[in-house]
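Undergrad: okay, predicted coordinates and the sequence, questions at the end:
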Amino acid sequence: MFFINFKLMILIFLLFPFGANSNQKSDLNNSENYKLNKESHFLKLKKEGKPVISDKWMVVTANIQASKIAAKILKNGGTAADAMISAQLVLGLVEPESSGLGGGAFLVYFDNKTKEIITLDGRETAPLLIKENIFQDTNGNPLKFFDAVVGGKSVGTPGTPALLEETHKRWGKTDWSLLFEDAINLSKNGFVISKKLSSSIKRSKRSLSKFLNTKTYFLPNDKPLKSGNIHYNKNYADTLKAFAEEGSKVFYQGFIANDIVATVNNASLNPGVLSHKDMHNYKVIQREPVCSRYREYEVCGMGPPSSGALTIAQILGILENYEISKLGPKNPETWRLIGDASRLAFADRSLYMADSDYVNVPINALISKIYLNERSQLIDRKNKTEKIKAGNLTSKSSLNWGKDHSIELPSTSHISIVDKYGNALSMTTTIENGFGSRLMTNSGFLLNNELTDFSFKSFKNGKKIANNIEPGKRPRSSMAPTIILKNGKPVYILGSPGGSNIIGYVSNAIISMIDWKYNAQEAASVAHGINKFGTYYLEKNTIMSKLLPSLEAMKYKVKLRSFSSGLNIIHIGDKLYGGSDHRREGIAIGN
Ligand code: GLY
């Protein structure tokens with residue numbers, strides 16, 4: 001058997017921590033050596049910058065423990081939906097700082113039976129009792145970001161449990177309770193603390209120490225959990241058991257709902273106003289996918305309340321008017337065009353994009369080819385475009401919004417899967433900031449701070465801001481789970497964590513694959529240039545840093561920095577090719 005039992009897995013992790021030299025030998029017997037070699041094979045490919053190649057199925061997640069368990073489900077005939085559920089349950093344990101049952105997610109699914117793209121919105125909702133000035137001080141000024149994040153006020157009604165159940169109802173093939181087994185075992189018998197989790201705890205020590213449950217779990221004896229050590233989460237195991245037996249009802253109407261509501265409202269810092277009615281009312285919403293043509297491809301993703309697919313469609317729609325492939329990735333002119341296309345798209349995003357159940361988002365007007373061609377003419381010049389403004393969309397549905405005031409910092413996790421039935425799944429999942437609100441329930445998971453994705457201000461120059469806070473509304477997101485079709489068939493499945501930089505990370509990866517023919521691993525590790533609001537951020541210690549003088553000569557303010565994208569990509573060509581961002585711990589596994 002290719003997949004290994006739990007104890008052996010722990011042993012392998014201890015012997016071969018992530019990034020260890022794959023040529024190391026173990027003392028294990030031959031068949032175990034085979035398993036070990038196979039596993040280290042995937043790590044080795046990533047280290048060498050090569051894609052994983054497979055014939056039948058593939059999964060790419062942010063953590064090897066999650067990828068392996070999802071791979072086992074796929075190997076045993078499970079669908080992409082089944083594998084995603086198992087992966088998410090494990091991610092909530094091994095990468096709890098990024099996503100989990102206390103958060104929300106967007107899912108894009110290609111159903112190979114109906115040949116349809118379906119998008120499901122499992123975003124958190126604002127409590128019905130929320131006030132629109134919740135993130136303002138007594139003078140009406142926006143709070144500092146972390147003053148708003150930490151505590152109960154920032155917690156929205158979690159959507160992930162309902163989304164997992166809905167996904168299984170629609171596309172599951174494996175018995176629901178079987179999908180929980182490995183995550184329950186890992187929680188009870190121990191899992192390995194990754195380097196990323198350990199260093200994230202160190203970085204957030206102060207805020208994690210503010211709440212007893214959180215401190216006890218992540219900082220036992222006041223010490224951050226150490227990378228490579230084994231840790232347990234018995235409360236999470238009990239939660240998973242209840243979820244497996246009772247379904248998502250236990251989260252929205254059962255004892256876990258009681259726990260979530262009490263944790264939010266009795267928080268010792270910034271208590272919130274989440275009610276049982278909010279929990280009971282929660283619904284996953286199927287939304288129209290946002291699809292737009294880019295060259296000979298159809299790029300499909302999640303519409304509002306995410307701004308991801310719309311903003312990417314705008315960037316690509318503007319760039320389609322230029323020969324990016326001829327200009328190539330090392331040309332400053334390429335990056336002038338990408339940077340200014342992104343600035344134009346972000347100007348529209350600030351003004352028009354929010355939860356479309358609350359505001360009329362002019363979706364068709366925003367991605368109309370005529371409109372984007374007009375916008376592209378604004379950057380048809382030699383140097384940086386000085387004045388960037390949102391377009392004047394006069395369609396009936398457009399409203400006269402004020403430019404928003406949202407702060408979005410990197411976090412989150414992405415899962416890409418193709419199963420042997422030809423279904424493809426792209427899901428970006430989050431609790432927003434690293435460790436979310438820092439509130440840990442008695443049920444063993446962290447609660448999100450998704451409400452800080454709303455605009456902290458409600459008005460700008462007397463005009464209402466589209467992404468303002470309202471009861472029941474879903475905060476605008478940048479998450480961009482994407483499936484790209486060619487002739488109606490999926491060819492690229494991708495997405496990334498990273499707050500509002502997600503949009504740049506995903507569009508850079510798309511451009512690198514479609515225009516520059518990068519393979520999945522090269523695209524996952526593409527060097528980033530990100531320009532949202534004027535300053536050009538170039539990834540330091542990469543080929544991008546060489547562009548600094550040329551972009552400065554084009555009148556940009558340029559800064560070098562590092563990025564923490566986590567692109568997880570599958571390319572379906574003659575075979576399946578998988579890549580996972582070298583900047584994070586993700587891994588593609590296929591067979
Ligand atoms: N909280 C990350 C996002 O939704 O964009």
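TA: On my side now, so go ahead.

Undergrad: how about the helices of the stretch 51-200 of the chain, start to end?
TA: Under the criterion DSSP state H, counting those that start in this stretch, the stretch 51-200 of the chain contains helices at 64-75, 80-94, 145-149, 160-171, 181-189, 195-203.

Undergrad: for the stretch 201-350 of the chain, same thing?
TA: 205-208, 212-218, 234-246, 249-252, 255-265, 276-281, 308-319, 324-327, 332-352.

Undergrad: the ligand is nearest to which of those helices?
TA: helix 308-319 (7.4 Å; Cβ to the nearest ligand atom). In short, each C-beta sits where N, CA and C put it, glycine included.

Undergrad: closest to Pro305 out of the helices of the stretch 51-200 of the chain?
TA: helix 160-171 (13.8 Å; Cβ to Cβ).

Undergrad: quick check: buried residues in stretch 277-297?
TA: For stretch 277-297, the neighbour count (16 or more other Cβ atoms under 10 Å) marks 278-279, 282, 284, 287, 289-292, 294, 297 as buried.

Undergrad: what about it, average pLDDT?
TA: When pLDDT is averaged over stretch 277-297, the result is 98.

Undergrad: which stretch among the helices of the stretch 51-200 of the chain comes nearest the ligand?
TA: helix 145-149 (11.0 Å).

Undergrad: what about the closest one and the ligand, touching?
TA: No. Residues of helix 145-149 are not located near the ligand by Cβ under 6 Å from any ligand atom, the shortest gap being 11.0 Å.

Undergrad: ok now that helix, how far from the chain's centre?
TA: 21 Å (Cα atoms, centre = their mean, to the nearest Å).

Undergrad: what's the answer for stretch 63-83, then?
TA: Here the centre of stretch 63-83 is set off from its chain's centre by 18 Å, with Cα atoms, centre = their mean.

Undergrad: which residues of the protein lie near the ligand?
TA: Residues of the chain lying near the ligand (Cβ under 6 Å from any ligand atom): 408, 412, 430, 432, 453, 477-479, 499.

Undergrad: so which of the helices of the stretch 201-350 of the chain is the most packed in?
TA: Highest mean neighbour count of the helices of the stretch 201-350 of the chain: helix 308-319, a mean of 27 (counted as mean count of other Cβ atoms under 10 Å).

Undergrad: in terms of secondary structure, what does that helix contact?
TA: On a contact count with 3 or more Cβ pairs under 8 Å, 6 or more residues apart in numbering; DSSP states H and E, helix 308-319 meets strand 290-294, strand 297-301, helix 332-352, helix 363-366, helix 369-377, strand 482-486, helix 502-514.

Undergrad: what is the neighbour count of Asp55?
TA: By the measure other Cβ atoms under 10 Å, the count of residues near Asp55 is 11.

Undergrad: contacting residues for the closest residue to it other than its chain neighbours?
TA: Ranked by Cβ to Cβ, 6 or more residues apart in numbering and with sequence neighbours excluded, the top spatial neighbour of Asp55 is Lys575, at 5.9 Å. Contacts for Lys575 (Cβ atoms under 8 Å, 6 or more residues apart in numbering) come out as 53-55.

Undergrad: if we can go back for a sec, now distance to Leu219 too, for the helices and strands packed on helix 308-319, in CSV please.
TA: Compiled in CSV, the helices and strands packed on helix 308-319 are given as follows (distance: least, Cβ to Cβ, whole Å):
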stretch, distance to Leu219
strand 290-294, 42
strand 297-301, 38
helix 332-352, 37
helix 363-366, 45
helix 369-377, 49
strand 482-486, 37
helix 502-514, 29
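
Undergrad: nearest to Ala527, of the ones you listed?
TA: helix 502-514 (8.4 Å).

Undergrad: average pLDDT for that closest one, rounded please.
TA: The model assigns helix 502-514 a mean pLDDT of 98.

Undergrad: same question for stretch 161-175.
TA: Stretch 161-175 comes out at a mean pLDDT of 98.

Undergrad: how far does it sit from its chain's centre?
TA: Centroid displacement of stretch 161-175 relative to its chain, using Cα atoms, centre = their mean, is 19 Å.

Undergrad: show me what contacts Glu333?
TA: Leu327.
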